[in-house]
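In: give me a model of this one.
(chains A, B, C and D)
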4 protein chains.
Amino acid sequence: MTTSTQTAVLGVTGYAGAELARLLLHHPRLHGRPPVFAGRVDEKEAARGGVPLAEIHPQLADNNGTGNLRLESFSWDLLTARGVEVLFLATPHEQSREWVPEALARGMRVIDLSGAWRLSEPSNRAVYAFADEGSERAAATQAQAIYGMPELHRDQIAGARLIANPGCYSTSVILPLKPLTAAGLLDLDRGVVADSKSGVSGAGKAPTAKTHFMYAADNLSAYGVFGHRHSGELLEQIGISANEIVFTPHLLPIPRGILSTIYVHFKEAQTRDSIAKVYQQFFADSPMVRFYEKTLPQIQYVVRTNYADIGFQLDPNGRRAVIVSCLDNLLKGAAGQAVQNLNVMLGWPESEGLA
Amino acid sequence: MTTSTQTAVLGVTGYAGAELARLLLHHPRLHGRPPVFAGRVDEKEAARGGVPLAEIHPQLADNNGTGNLRLESFSWDLLTARGVEVLFLATPHEQSREWVPEALARGMRVIDLSGAWRLSEPSNRAVYAFADEGSERAAATQAQAIYGMPELHRDQIAGARLIANPGCYSTSVILPLKPLTAAGLLDLDRGVVADSKSGVSGAGKAPTAKTHFMYAADNLSAYGVFGHRHSGELLEQIGISANEIVFTPHLLPIPRGILSTIYVHFKEAQTRDSIAKVYQQFFADSPMVRFYEKTLPQIQYVVRTNYADIGFQLDPNGRRAVIVSCLDNLLKGAAGQAVQNLNVMLGWPESEGLA
Amino acid sequence: MTTSTQTAVLGVTGYAGAELARLLLHHPRLHGRPPVFAGRVDEKEAARGGVPLAEIHPQLADNNGTGNLRLESFSWDLLTARGVEVLFLATPHEQSREWVPEALARGMRVIDLSGAWRLSEPSNRAVYAFADEGSERAAATQAQAIYGMPELHRDQIAGARLIANPGCYSTSVILPLKPLTAAGLLDLDRGVVADSKSGVSGAGKAPTAKTHFMYAADNLSAYGVFGHRHSGELLEQIGISANEIVFTPHLLPIPRGILSTIYVHFKEAQTRDSIAKVYQQFFADSPMVRFYEKTLPQIQYVVRTNYADIGFQLDPNGRRAVIVSCLDNLLKGAAGQAVQNLNVMLGWPESEGLA
Amino acid sequence: MTTSTQTAVLGVTGYAGAELARLLLHHPRLHGRPPVFAGRVDEKEAARGGVPLAEIHPQLADNNGTGNLRLESFSWDLLTARGVEVLFLATPHEQSREWVPEALARGMRVIDLSGAWRLSEPSNRAVYAFADEGSERAAATQAQAIYGMPELHRDQIAGARLIANPGCYSTSVILPLKPLTAAGLLDLDRGVVADSKSGVSGAGKAPTAKTHFMYAADNLSAYGVFGHRHSGELLEQIGISANEIVFTPHLLPIPRGILSTIYVHFKEAQTRDSIAKVYQQFFADSPMVRFYEKTLPQIQYVVRTNYADIGFQLDPNGRRAVIVSCLDNLLKGAAGQAVQNLNVMLGWPESEGLA
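Out: Presented below is the predicted three-dimensional model:
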């Protein structure tokens, strides 16, 4: 088991990047070995050694030293010179398509938070219209990618060179559904509905008409109906066909957090206990999932944690259930799950640095 | 056609009551004839003629005269003396169970905003556990009640003595579903899902753990799963059985507005146009419903209006749709619909005073 | 007295423009004579007669006809052809600097909501750095401008050709201070503090880092300290020197509303009644100001109204007071005050169409 | 230096109590020695060993053991049996007046988060109307109390038996003002204004009309003008008279965070550097204060940290400044400062467990 490692983060300027920086800076195994932060830096800033992290994210400034960290000008030489072993990418997916093969070629292990390498079926990737789709290099890279959800793929993650860190919505829908489909309980002919609601940080840091306070506040809107990018992850990971599930995202007037309300039919009548047992067994070794025996989770209980919370209510007739899952889109839905994957990759306790 | 009428409002202190007061005070047909506001008033206040409305709802104070209006001490004699013809009740349902029969006996027409008289099936009423359930008086009163949704029961409302004004959630689910069930399009065996989200005003004015800012803000929670009071209205008005629909309410961190996301299966493949035609025909004479031909409605477009907005997205396979409806829970979901009912009862233009 | 008039609005796409459209469309004197909406429209849209207003502001769509209104391609000929008598500009100030002289030359009366013509002292205008500063045309135009605060300049507004509609912050600070300085009560040597807090709509519709939901929500920040553009209006209208007042704006995490907390010293000890009398007399004929005798105003009481609410608390020693004023920045702080000015200009009741 | 200690928390059910529990459970020196949580527990709950902490604060539940912690039935014997050395009280002030003397008599060191023992001047305490005011026991207890603001009283805190943990508003006003008064820079004759704005958690967990979401959301209101309880702390700690400062609290529509905007006059013209030097020297050894050299702090930068952030803007004439301070009312304003005091009392690094 490795005792520590040298990490780097590309894309620290975004919301997930900021959370990733925070987690890595406080991770007990990385004490004294802060990540290298690299990206596009203008010449003037580069000349003074990069942009102070505290200027980019004032909330990361502290009087114990992180105030000195800087976003440096990216080059592969910089990463090599610093001995980077694990590279995190919190970059747009086209950037990840370009950088990940290069990083792998240079011997780094990669945890990519973008959607670039999550989907093995070309038809599911069509929505992204990747520029390098169909190239040999992309195919070879995709072949190495492991979907980074430890609760489903822990063993493969341990040995992986490339982790495709899951989407936030996807995580909130796959975790509550997978135990039920794996147990063969669902009547998929009658369809599954996943009605998801996410805070605004999920829409990214770029100011747009939809992230304007006046648009999001005091409002709720559905979007991406029958066509959201995360749909492919649901199909591949849950093992369900597009005709068997409907997934609708909504934009909530809150900074962070996702709640998914999921509607299922069972083949045979279930009891509260029979369902609970399925969940408890499935997540028995998963420290980052909290199963609620009696009540339903809420967004406020998971915000700023790496937990995925799952609870359900059973129709008195035993044939239908409403399942509620909650997580923080920037943590279990992004940066937290990335660190969880780091822990698994390096043989560290899965929840280390995530409490 | 009546040119004007004398109204009274019981229960003006709540949120729906405040909106009702605002609407009635600005209604063109009621100009110069403000409602009588009556309720529980302590002796000291009663002695000075009641509590100024502007003290109860400072936002209703204006320099053009409403500042002089008062909440007076309730008595039947007061209402009689003032010649009240139409009585609005924005009171708790147990209070409405008691007062409505008396008001009818005294010859007033009643528009009751509570859940007291909305349900004709005793089994659907069980959840309310009314104290007078089974009494002769209650049965006789219920027999006169018309469900006050003009889009469904316009003709009956015109002649009604007692209007049971619909629930807010119910309105947001019945309006988008009724045209489809009436047209016989839905495959109900595969189930309908109504995932509804409401602002906090729907939870009432009483301070509770759940209406505390710290509970509701930055949060989202589901509640009343498989057991919300409004379910019975859905069954009776849509004409659907409890096993064919699941309805889940959620508490949104916004003051007002409801968005319902509704999932349906069609018996046969539909086109965008075939569905649009069904809605347009159904609501052809309904000025308070806006059908969206191309986009989906959002809460921000309906807040502080009496509109119910409806839009949908069709699965490319034509067999499933996601329907989105929005309304303001205090207006089309309560006080606005009550005034709409008043207009229909008195033969006035249905949207008068509601623009 | 004019019974009606033909108006036009340039700049309807912004937040103040939308409110202005709403108010003018429902103004009783303008019934059946909707404003001409004009602006930049691309050729394709122009060819179909302009962009439907309901596409720009879905909340303005209604089933009673406004759905047919359009934003037409701007030209002076269009305004002339439609017989526009009163022109509202809700445009950026540089645009107003250019268009206002032209409109006056064509005989229209103008109500300009921008900061273009509010300041008579060149030194106070320096912060705007107008491109045409110092030109003869600008000087001639400025000479005609009346500061559009009816509570201060009602008579001049009645005869004005050009109204410079006040800034939102300025209105919230001038109205509560002017009665006290006019009465000579303040000890200005000890300084006046105006601590103002505004909702996000005041920052405009353009998506920027500061209007991003993630920046504004759950936050509060001060900005423009010792240098906000509205400062010059305070000096000119209150009659106070820059060394005697400090004005600090803050960005509130709410859509709309301004609250200003104002701290003053009195030359001599005052009583609650002596101060109240000053306010009551000053605003005796001002229907859009509500003076609070006992309590303090709050933002929630003024939002979506055209009122400016004023209240105060006196130090027991009688020598200091904390004054609180509230208004809706888009109404009394912009579009509402503009319509109030229209009413005064045309001899109509000052609060008409503003209830 | 103590290596660890046994703590107890009374009053864990409130917001500050929850934060205190979280901090103590993760404090590196207290690893494996969770606090004793005690309070009022009904008999049935007491019989099963108390109420699980995870039921009271679901966000504190984690899968690593804290799920087993319980709120036990309070008795002095329980605290003695568990060997409690340091007792935290997050209880109402009347409760603290009763319990603190008893705890001291039993040899525990006490950190009291209430307002019970913060004020040494009887006139400043009058606003609390303590039931035991004037008693010998109260006087003896007060004589031992040290105002727990390490930046001002570090040495005395180290040896204290009783810490009166400061108020949240007080902390946000004292920290930015004390360096300036200590340096003798202020012209107090012209008065100091402290305009403070706090999130709703500062109003406590009890549901009231003012903590209702509908009251607080989309609103801003001033309260406690010329009479807030925290005023006495300002006078005693800053060393300023009541006539020289005005303090106005406001209720912000956010869960947590305080921003205070403070207006001062200087006796002589200052430069940006002269002021900066005063702050930097005063806080040179204070790890929990961040001084902003160029920009102003915002609430978003301090929420969920124990930092107090301070920045300022100087009038170009050098004679006036606007100072902005920010902190999290539940951390530096309550539980975080309490843990900071614990660190100082036990000789541990002041910011330990607070990063």
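In: remind me what the longest helix along chain A packs against, helices and strands.
Out: The helix that spans the most residues within chain A, counting by DSSP state H, is helix A:168-182. The contact analysis (3 or more CB pairs under 8 Å, 6 or more residues apart in numbering or on different chains; DSSP states H and E) places helix A:168-182 against helix A:150-158, strand A:192-198, helix A:231-234, strand A:245-251, strand A:258-265, helix A:272-282, strand A:308-314, strand A:320-327. (Each C-beta comes from the backbone N, C-alpha and C, glycine too.)
In: quick one: average confidence on the longest one?
Out: With pLDDT averaged residue by residue, helix A:272-282 scores 98.
In: that older thread, got TSV for the helices and strands packed on helix A:168-182, with distance to residue B:231 too?
Out: As requested, the helices and strands packed on helix A:168-182 are exported to TSV (distance: least, CB to CB, whole Å):
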stretch	distance to residue B:231
helix A:150-158	34
strand A:192-198	17
helix A:231-234	29
strand A:245-251	22
strand A:258-265	15
helix A:272-282	20
strand A:308-314	13
strand A:320-327	13
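In: number of residues surrounding the residue of the stretch 201-350 of chain A found nearest chain C?
Out: Closest approach between the stretch 201-350 of chain A and chain C, counting by CB to the nearest CB: residue A:207, at 3.7 Å. A count of neighbours around residue A:207, defined by other CB atoms under 10 Å in any protein chain shown, yields 18.
In: show me what contacts it?
Out: C:207, C:208, C:209, C:211, C:212 (CB atoms under 8 Å, 6 or more residues apart in numbering or on different chains).
In: A helix includes it, no?
Out: No. Residue A:207: not assigned to a helix; according to DSSP: H, G, I helix; E, B strand; the rest coil it is coil.
In: how close does it sit to residue A:38?
Out: Using CB to CB, to the nearest Å, one obtains 24 Å as the distance from residue A:207 to residue A:38.
In: so for residue A:166, what's the nearest residue that isn't a sequence neighbour?
Out: Of all residues not flanking residue A:166 in the chain, residue A:149 sits nearest, at 5.1 Å (CB to CB, 6 or more residues apart in numbering or on different chains).
In: is it true that the one you found touches residue A:337?
Out: Yes. Look at residue A:149 against residue A:337 with CB atoms under 8 Å: they come within range, at 7.3 Å.
In: who touches both of these two?
Out: A:166, A:171.
In: per-residue confidence, the closest residue to residue A:320 other than its chain neighbours, what does it come out as?
Out: Distance criterion CB to CB, 6+ apart; nearest residue to residue A:320, sequence neighbours excluded, is residue A:265 at 5.6 Å. We have a pLDDT of 98 for residue A:265.
In: and residue A:265, how close does it get to residue A:191?
Out: Residue A:265 is 8 Å from residue A:191, by CB to CB.
In: where are the low-confidence patches of the stretch 201-350 of chain A?
Out: Under the criterion pLDDT under 70, no range of the stretch 201-350 of chain A is flagged.
In: can you pull the residues of it lying near chain C?
Out: Taking CB under 8 Å from any CB of the partner chain as the contact definition, the stretch 201-350 of chain A meets chain C at A:201, A:205, A:207-209, A:211-218, A:253-255.
In: what about those residues, which are in helices?
Out: Short answer: those in helices (DSSP H) are A:213, A:214, A:215, A:216.
In: quick one, helices of the stretch 51-200 of chain A?
Out: Secondary structure of the stretch 51-200 of chain A by DSSP state H, counting those that start in this stretch: the helices cover A:53-56, A:76-81, A:93-105, A:122-125, A:136-144, A:150-158, A:168-182.
In: and these: which comes nearest residue C:243?
Out: The closest of these to residue C:243 is helix A:53-56. By CB to CB, the value is 33.7 Å.
In: report all helices and strands that the closest one contacts.
Out: Using 3+ CB pairs under 8 Å, 6+ apart as the test, helix A:53-56 ends up in contact with strand A:70-73.
In: chain center to the strand it packs on, what's the gap?
Out: Mean-position distance between strand A:70-73 and its chain equals 24 Å (CA atoms, centre = their mean, to the nearest Å).
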